[in-house]
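> Build me a structure from this.
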Amino acid sequence: MGLFDKIFRKKPFEVYSHADYNEVFENPVVEGMVVQKLDLGILNLPSGQIVVCDPLVVPDCPPLTKAVKPGEYPVSVYVAKTEFAGNRYAIAKLEFSTKKAAKWVLAVRDGEDISELGEHADFFGFAVNAGIGAFFDFQTGIEYNQFIEDFMLRNPNGNIYDDFFAAEFKKNAIDQNDPKDIGNWVNFYLPGSNRNVTMFQSGYGDGLYPAYWGMTKDNEIVSLVIDFHVLLLPD
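Numbers count the residues shown, from 1 in each chain. A predicted model of the protein is given here:
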């Protein structure tokens, strides 16, 4: 990069998704796969600062830079019925308004500089190593991390999934009598609290996944989605 570029090149203000997720929300079949919406309940956002992360491996992830009005908002996932891998959670959606998004803007955290991204489907995302993604409020995350720390102090040789969350996920298994159906989501409320963490299967499993703000032409935030790279992949 020359001196002129360093001084005068305009840095990007926003980075957009290659995909229009309205295609998934509005059509029962996408790319030849049946897609079904699954409602996961309400997420309490007391601060409006949102964390997206793997809640079992990196639960202390910082919040996204944009925030929304504190409140309670519905969470859903769009399940793609794939030919060879069964049902896969393609898109997770946190909805703030019924208005339709006109653009999908990459969600970032402090320290992530979008001017560093290339031009070909680059993104900042969050790493998944336990096959699970999540939405939760930053304030809830402080209590959630304390919950995990306290659990591990009581169970120093334990595993937070095997010894606790496996039973929580199983409550939402479609076939409770099938030992292979371990459940793919949970809307977990901290004990004695109205604060919750909504967790769900991450597409085909571990990886790096981006989140995007659904926004109107007037830049009103109407949703936040996680793209688990099952549908509408870039060419």
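> check which helix or strand covers the nearest residue to Asp39 once chain neighbours are set aside.
Closest residue to Asp39 apart from its sequence neighbours, by C-beta to C-beta, 6 or more residues apart in numbering: Ser76 at 5.1 Å. Any C-beta I mention is one placed from the backbone N, CA and C, and that applies to glycine too. Using DSSP states H and E, Ser76 sits within strand 71-82.
> and that strand, which strands flank it?
strand 33-45 (antiparallel), strand 86-95 (antiparallel) (DSSP bridges).
> Between the ones you listed, which one is closest to Ser17.
Proximity to Ser17, assessed across these by C-beta to C-beta, is greatest for strand 86-95 (10.8 Å).
> Quick one: residues in contact with the longest helix anywhere in the chain.
For the chain, the helix with the greatest residue count under DSSP state H is helix 138-154. By C-beta atoms under 8 Å, 6 or more residues apart in numbering, the residues outside helix 138-154 that reach it are 44, 46-47, 49-51, 55, 59-63, 136, 158, 160, 163-164, 190-191, 193, 195-197.
> out of those residues, which are inside strands?
In strands, defined here by DSSP state E, the members of the contacts of helix 138-154 are 44, 50-51, 136, 196-197.
> for those, which one is nearest Val225?
Using C-beta to C-beta, the ones in strands among the contacts of helix 138-154 come closest to Val225 at Ile50, 11.8 Å.
> end-to-end on stretch 124-131?
End-to-end distance for stretch 124-131, by C-alpha to C-alpha, to the nearest Å: 18 Å.
> Pull the distance from it to the chain's centre.
10 Å (C-alpha atoms, centre = their mean, to the nearest Å).
> For the longest helix of the chain, buried residues please.
Using 16 or more other C-beta atoms under 10 Å as the test for burial, helix 138-154 gives 138-141, 144, 147.
> Extract the CA atoms of stretch 76-94 and return them as PDB.
C-alpha atoms of stretch 76-94 as PDB (Å, rounded to 0.1, in the frame of the first residue of the first chain):
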ATOM      1  CA  SER A  76     -35.700 -18.400  16.900                       C
ATOM      2  CA  VAL A  77     -33.600 -20.700  14.700                       C
ATOM      3  CA  TYR A  78     -34.200 -21.700  11.100                       C
ATOM      4  CA  VAL A  79     -33.600 -25.500  10.700                       C
ATOM      5  CA  ALA A  80     -32.500 -26.800   7.400                       C
ATOM      6  CA  LYS A  81     -33.300 -30.400   6.600                       C
ATOM      7  CA  THR A  82     -30.100 -31.400   4.900                       C
ATOM      8  CA  GLU A  83     -29.800 -34.500   2.700                       C
ATOM      9  CA  PHE A  84     -26.800 -36.100   4.400                       C
ATOM     10  CA  ALA A  85     -26.500 -34.500   7.800                       C
ATOM     11  CA  GLY A  86     -30.100 -34.400   9.000                       C
ATOM     12  CA  ASN A  87     -31.500 -31.300  10.700                       C
ATOM     13  CA  ARG A  88     -29.000 -28.400  11.000                       C
ATOM     14  CA  TYR A  89     -29.500 -25.100  12.600                       C
ATOM     15  CA  ALA A  90     -28.700 -22.700   9.700                       C
ATOM     16  CA  ILE A  91     -29.600 -19.300  11.100                       C
ATOM     17  CA  ALA A  92     -30.200 -18.100  14.700                       C
ATOM     18  CA  LYS A  93     -32.200 -14.900  15.000                       C
ATOM     19  CA  LEU A  94     -32.800 -12.400  17.800                       C
END
